[in-house]
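Novice: can you look at this prediction? I've put the sequence above it.
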Amino acid sequence: MRTYQDKKVGIIGAGPAGLTAAYELAKAGITVEVFEAGPNVGGLS
């Protein structure tokens, strides 16, 4: 599998889509940082 260790991605929103995207990118070897405005993650909680 190809890795992208020199890549960094910022994801805005820690809802289901943002967390899934972060997970898949991390599996591919990409550094991920998730930003969330609220105190909790998970979407409409």
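Specialist: In hand now; what should we look at?
Novice: nearest the geometric middle of this structure, what residue?
Specialist: With the centre of the chain defined as its mean C-alpha position, the nearest residue by Cα atoms, centre = their mean is residue 22, 2.3 Å away.
Novice: doesn't that residue belong to a helix?
Specialist: Yes. Using DSSP: H, G, I helix; E, B strand; the rest coil, the assignment for residue 22 is a helix.
Novice: how about it, what does it touch?
Specialist: Residues in contact with residue 22 (Cβ atoms under 8 Å, 6 or more residues apart in numbering) are 11, 32, 34. Yep, even glycine has a C-beta here, placed from its N, CA and C like the rest.
Novice: go with 10 Å
Specialist: Residue 22 is in contact with 9, 10, 11, 14, 30, 32, 33, 34, counting by Cβ atoms under 10 Å, 6 or more residues apart in numbering.
Novice: chain neighbours aside, what residue packs nearest to it?
Specialist: Once flanking residues are discounted, residue 22 sits nearest to residue 32: 4.5 Å by Cβ to Cβ, 6 or more residues apart in numbering.
Novice: can you tell me the SS state at the one you found?
Specialist: When classified by three-state DSSP, residue 32 comes out as strand.
Novice: ok, it - contacts?
Specialist: By Cβ under 10 Å, 6+ apart, residue 32 lies in contact with 7-11, 18-19, 21-26.
Novice: for the chain, what spans make up the strands?
Specialist: For the chain, the strands defined by DSSP state E cover 8-12, 31-35.
Novice: save the ones you listed as TSV, and put in distance to residue 44 and mean pLDDT too.
Specialist: Formatted as TSV, these follow (distance: least, Cβ to Cβ, whole Å; pLDDT from 0 to 100):
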stretch	distance to residue 44	mean pLDDT
strand 8-12	16	97
strand 31-35	17	97
